[in-house]
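Peer 1: starting from these lines, generate the structure:
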Amino acid sequence: MSRATEDSNRRMLRARDTMDRRYAHPLDIPALARVAHVSEAHFVRTFRATFGETPHRYLQRRRVERAMCLLRETERSVTDICHDVGFGSLGTFSRTFRAIVGRSPREYRTHAAATAVPTCFTKTWTRPRS
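Peer 2: Numbers count the residues shown, from 1 in each chain. So this is what the prediction gives:
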């Protein structure tokens, strides 16, 4: 692997780590491109080539993964969870959740049964397929 490729991968990992840490905050392409120290267009192209999905889709999936955990483990309302994971609209949250998971948040909560399975297995089995 060339030094340029390694440098590019590090920059994309830095941006992805920022999304993982700050998923509940408003994040936009210009801010993430600044974290990666590249132009906006280059950031989107390189992120997709590196991780197989656009930054926006990755952030949506990350937010939905966190919402899935909150729906399984808490009794908080879907609206509260929606806002806590970074969505500004309940409609957008529900539509995105259904597109990624295949069920509405309420249906997911109803069918998600708490089991005594190690967390690593649960994460693998319940990871959204997009």
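Peer 1: any idea how far the helix or strand encompassing D80 is from the chain center?
Peer 2: Applying DSSP states H and E as the criterion places D80 in helix 78-84. Helix 78-84 sits 15 Å away from the centroid of its parent chain (CA atoms, centre = their mean, to the nearest Å).
Peer 1: quick one: buried residues of whichever helix or strand comes after it?
Peer 2: The element immediately downstream of helix 78-84 (helix or strand, assigned by DSSP H and E) is helix 90-101. Taking 16 or more other CB atoms under 10 Å as the neighbour-count basis, helix 90-101 is seen to contain the buried residues 93-94, 96-97, 100-101. The C-beta positions use only the backbone N, C-alpha and C, and glycine is treated the same way.
Peer 1: same question, stretch 57-66
Peer 2: Of the residues in stretch 57-66, those buried by neighbour count under the rule 16+ other CB under 10 Å are 57-66.
Peer 1: and for G88, the neighbour number?
Peer 2: Neighbour count for G88, taken as other CB atoms under 10 Å: 10.
Peer 1: picking up where we left off before, kindly reformat the buried residues of helix 90-101 as JSON lines containing distance to T46.
Peer 2: Shown next, in JSON lines, are those (distance: CB to CB, whole Å):
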{"residue": "F93", "distance to T46": "28"}
{"residue": "S94", "distance to T46": "31"}
{"residue": "T96", "distance to T46": "24"}
{"residue": "F97", "distance to T46": "28"}
{"residue": "I100", "distance to T46": "23"}
{"residue": "V101", "distance to T46": "28"}
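Peer 1: give me the below-cutoff pLDDT ranges for the protein.
Peer 2: Scanning the chain for pLDDT under 70 picks out 113-117, 130.
Peer 1: if we ignore the residues flanking it in sequence, what's nearest the residue most central in space within it?
Peer 2: The C-alpha lying nearest the average C-alpha coordinate of the chain belongs to R62 (CA atoms, centre = their mean; 1.4 Å). Distances taken as CB to CB, 6 or more residues apart in numbering place Y23 nearest to R62, at 4.8 Å, with adjacent residues excluded.
Peer 1: done for today, thanks.
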